[in-house]
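Enquirer: Quick one, what's the 3D model for this:
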Amino acid sequence: QVQLVESGGGLVQAGGSLRLSCAASGLPFSMLAAGWFRQAPGKEREFVAAIHWSGGTTEYADSVKGRFTISRDNAKNTVSLQMKSLKPEDTAVYYCTVDNNYIRLSTTRVGGTYWGQGTQVTVPS
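Expert: Now for the predicted structure:
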């Protein structure tokens, strides 16, 4: 059974930091690209960041570039998103996903086959 479980969300003041994690099981995580997406109320889900299975290549949405860092630990089957200088517009439910094709994940930015249940990040204005 494939599972992606996000954690680490919460309420943080503008300018603060938060670290999200996603634990994967039931799939060959170390061979898959991984990514983070987010969905704000009333908006479509949008791409945030992606990372190659090797961890050597990453891609970011322009809105988070320089503030967010995606990383992975293949030994622990986890992918993380370090978020700094958070803004109210970062408020959303954050989801992790995996894809067997990094180019597809990072360019089409529609996400993979499997998704976690999401974790809420709230940055009050």
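
Enquirer: show me what contacts the closest residue to Asp99 other than its chain neighbours?
Expert: Spatially, and ignoring its direct neighbours in sequence, Asp99 is nearest to Gly112 (3.3 Å; C-beta to C-beta, 6 or more residues apart in numbering). The C-beta positions use only the backbone N, C-alpha and C, and glycine is treated the same way. Gly112 makes contact with 32-33, 35, 97-100, 105, according to C-beta atoms under 8 Å, 6 or more residues apart in numbering.

Enquirer: do that again at 10 Å, thanks
Expert: 4, 32-35, 37, 50, 96-101, 104-105 (C-beta atoms under 10 Å, 6 or more residues apart in numbering).

Enquirer: Go through those and give me the one with the most neighbours.
Expert: For those, the largest neighbour count, defined by other C-beta atoms under 10 Å, is 31 neighbours, found at Cys96.

Enquirer: Show me where the chain has its helices.
Expert: Remark: helices assigned in the chain by DSSP state H are 102-107.
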